[in-house]
Each structure stands twice: as C-alpha cells, then as structure tokens.
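Peer 1: any chance you can model this:
(2 chains)
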Amino acid sequence: DAKTTQPTSMDCAEGRAANLPCNHSTISGNEYVYWYRQIHSQGPQYIIHGLKNNETNEMASLIITEDRKSSTLILPHATLRDTAVYYCIVRVAYNQGGKLIFGQGTELSVKP
Amino acid sequence: EAGVAQSPRYKIIEKRQSVAFWCNPISGHATLYWYQQILGQGPKLLIQFQNNGVVDDSQLPKDRFSAERLKGVDSTLKIQPAKLEDSAVYLCASSLGHGSTGELFFGEGSRLTVL
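Peer 2: This next block holds a predicted model:
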C-alpha cells in the first residue's frame, strides 16, 4: 500500500471550511484513498473514500487531483466537535487484500 | 444497531502479569481486527480474522501476544507476560468482509497501563 504525507497539525475557525491535504505520490491505479478521523478517547471513525472521482457525503467532500497524487478532505462548516486527528490512508480494495494502515495523521483544532 | 463492544475499558497491571481483552463485533461482520495504539501514534494492525481464521498476524508479537476468534463472532486478545512497552489502547474493529466498501467500525478501545 502506498504511503501518505499529511501536515502534523492545522487550525480552523469554527464555521469556516477545513481543508486537509494529503500527498500520495506513489499511489497505484487500483488503490483507493480513505479518510478516517479519531476524536480524543474514541476509536477511529470512517469519513469517506474515493478512487478517481470527487466524492461527497453528509460528513465531508473528497477532492482527488486528476493525477491522483494528492487529495483534499473538506469539512464545509467546521464545528468544535470536528476537532480530531484525521488520517489519510491509501489501500487496495478489501477483496485484493487491502489493509488499513494508519500513519501519524493531521491534528485539526477547530477554534471558536 | 449496536456498535463494536470492548471490555474492559481500562486495565492497570504490573509487568510480567497477564491481561485479556474481549471484543464483540457488529452482528454479521465477518472480519475482525485488533489494533494497538501507543500514545501519540496512529493505530497499528496486530491481527486480522476472517470468520474464525487468521488472515494476517505478521505484526503480532507472538512470543507474548495471542488472539482467538473461536466461533467466528467475538474475540479475545491476550498478553502474557506484559512489558512496559505494551502500555497502549487496544482497539477492536469489524467490517462486513468480502463485498464491503472496506469501511471499518471501531470500538472505543481498552486502555492498558503496565507499571
């Protein structure tokens, strides 16, 4: 599975959009980009995933560049409850043996 | 729908003692995972089960760690004897398995402190 690079920490003002970048320059054609987050003292929580196209769900949007070497997770209106560590993970599909390997993640602090 | 259940939430033991953690995955989830999360780090995969068979235990320190999932439902992770460096949160996760999107559902974890 390809490695990812994320900033160690970021701040965001409450109510503003939080844009979390992730570099995955060695991603392969069959690897998906997954995002999870971990709120303090809880287990990680799935947010969103994508292969090539941009994706949106009730939690966030995922923008993947055309060359797939980087992506951005967007929380459109960040709240204090979005303060967490956000993990960007690249993996092949489950049925191809893909595993969820966590890196250090980005610690997002949403401030009033 | 009930989530992944883990117990105990907290455990304090002295080094060289033993400890066991229990996990009950979401009903119908074929795949079960144990992760170890040391303070300040991301979770590290220890072992993955598909039903009651082991898919991957390459990162499990087998000299002291063991895990089983006898009936393909709940699972137990044991550490014997514990070392100071085993202090961590032990996270259990489950997923549907084949045909799933790969989304894992995590429990709240069991925090182990080894003195």
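
Peer 1: after the worst-scoring helix or strand of chain B on mean pLDDT, which helix or strand is next?
Peer 2: Lowest on mean pLDDT, DSSP states H and E among the helices and strands of chain B sits strand B:53-56, with a mean of 91. Toward the C-terminal end, the helix or strand that comes next after strand B:53-56 (DSSP states H and E) is strand B:65-68.

Peer 1: quick one: that following strand near chain A?
Peer 2: No. Strand B:65-68 does not reach chain A (C-beta under 8 Å from any C-beta of the partner chain); its nearest approach is 16.0 Å. C-beta: built from backbone N, CA, C; applies to glycine.

Peer 1: nearest residue to the most centrally placed residue in chain A in space, please, no chain neighbours.
Peer 2: Central residue of chain A (C-alpha atoms, centre = their mean): A:Trp35, 3.3 Å from the mean position. Of all residues not flanking A:Trp35 in the chain, A:Ile47 sits nearest, at 4.4 Å (C-beta to C-beta, 6 or more residues apart in numbering or on different chains).

Peer 1: count of neighbours near that neighbour?
Peer 2: Residues within reach of A:Ile47, counting by other C-beta atoms under 10 Å in any protein chain shown, total 21.

Peer 1: sec struct for it, please.
Peer 2: Assigned with DSSP: H, G, I helix; E, B strand; the rest coil, A:Ile47 falls in the strand class.

Peer 1: in contact with it, which residues?
Peer 2: Contacts for A:Ile47 were tallied using C-beta atoms under 8 Å, 6 or more residues apart in numbering or on different chains; they are A:Trp35, A:Tyr36, A:Arg37, A:Asn57, A:Met59, A:Ala60, A:Leu73, A:Tyr86.

Peer 1: redo that, cut-off 7 Å
Peer 2: A:Trp35, A:Tyr36, A:Arg37, A:Met59, A:Ala60, A:Leu73 (C-beta atoms under 7 Å, 6 or more residues apart in numbering or on different chains).
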